[in-house]
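# everything below, folded, please.
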Amino acid sequence: MKMKSLLKEIGIILMVVIPLALVTNSLRPSGLRLIDTGIPIMQPVEANNPIYAIPLDKAIEKYKRGETLFIDARSHEDYLVGHIKGAMNLPDHYFDEWIDDFLSRTDPNIEIITYCDGEDCTLGHDVAEKLYQLGFKRVSYLVNGLTEWQESALPVVSQKILEVDKTSMKNKWDTIHLLLRVFMGLIFIWASWDKLLDPVAFARVVHNYQIIPSSMVNLVAIILPWIEITCGLLLILGLLTKGSVFIIDSLLFIFILALGFNLYRGFDISCGCFTLSHEADNTMLYTLIRDVALLIPGLWLLLYNPKTDLNFIKALLYSKGVSMLEIFF
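Numbering: from 1, shown residues only. Prediction:
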């Protein structure tokens, strides 16, 4: 692809995404200020709050009596992969959306133990705090809950993930190009999701990198997730693919530099690349290697020109006589 066409695609994407991100943020009740000298701050915890971390043996006793409600505070996807048998899912990141249903079928006098996974995970505590503020006074949380539970050979429910058969196509390299394109698109849609839902938490992650001025943190937190999800969707649809791949490769390169810089300085920070959940955090070295591994197919997608046009959306529109799309695609 000629440089002029590549720049044209990049320009179209950015001209659509940046206004969309800014308008969406302005319409959100809890939208971020575009330029701020500080980072969003968590709500203070009540000084006389009786919430406490329950020891594992006490949690087991209460579980066996069957009078305590266990709540998994992780995402629904993590809950499906594995959770304490009988536990209810109340994700911290979707607390406001799920709480009405929870309140309608839960006795406020019941004893509750919340948990997540990982010694540094705070989701269990955060959900316990929110439930206490809503009137549930018998609340505690289990630190590193799922891991401790599994290591004690206690009941856990898991769900197997079904494998999807891949469709064979005539040109193997074009097929690989298509599969990688869809794969990268899905990866970046996934990467954007938590950030779009909780821009405040993502702003904290951006600030922790300590590589951009504090006044620019919110602006980056507002725009970056929209760039990720837009480029991901375009890759799946086969529209503006070279421009989308170039932007994604550039983001990966910046992530690699940022992680490498903080690793060199000896800082251990949360990546925030694919989820804002603390229990899903990996070591910075692992995250660095993962981003390099993603950049390799990204560069191949940028350099390889498929012989077969697999842009099904464009082909459909052309068949309907929408030839003006040639201007953009």
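
# the nearest residue to Leu196 once chain neighbours are set aside and Ser152, how far apart?
Computed as Cβ to Cβ, 6 or more residues apart in numbering, the closest residue to Leu196 that is not its neighbour in sequence is Pro225, at 4.6 Å. (Glycine included, C-beta is placed from N, CA and C.) Here Pro225 is placed at a distance of 38 Å from Ser152 (Cβ to Cβ, to the nearest Å).

# just Glu77 next, same as before
According to Cβ to Cβ, Glu77 stands 24 Å off from Ser152.

# all helices for the stretch 201-329 of the chain, in order.
214-237, 241-265, 284-303, 312-319 (DSSP state H, counting those that start in this stretch).

# show me what the first one is packed against.
Counting contacts by 3 or more Cβ pairs under 8 Å, 6 or more residues apart in numbering; DSSP states H and E, the secondary-structure elements packed against helix 214-237 are helix 3-27, helix 172-197, helix 199-209, helix 241-265.

# who does the longest one touch, helix- and strand-wise?
Going back to what we said before, that points to helix 172-197. Partner elements for helix 172-197 (3+ Cβ pairs under 8 Å, 6+ apart): helix 199-209, helix 214-237, helix 241-265, helix 284-303.

# could those go into TSV alongside mean neighbour count, mean pLDDT and distance to Lys137?
As requested, the helices and strands packed on helix 172-197 are exported to TSV (neighbours: other Cβ atoms under 10 Å; pLDDT from 0 to 100; distance: least, Cβ to Cβ, whole Å):
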stretch	mean neighbour count	mean pLDDT	distance to Lys137
helix 199-209	20	79	27
helix 214-237	21	89	36
helix 241-265	19	87	41
helix 284-303	17	87	40
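
# want to try JSON lines for these, with distance to Gly31 as columns?
What follows is these, written out as JSON lines (distance: least, Cβ to Cβ, whole Å):
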{"stretch": "helix 199-209", "distance to Gly31": "8"}
{"stretch": "helix 214-237", "distance to Gly31": "8"}
{"stretch": "helix 241-265", "distance to Gly31": "23"}
{"stretch": "helix 284-303", "distance to Gly31": "29"}
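
# brilliant, that's me finished.
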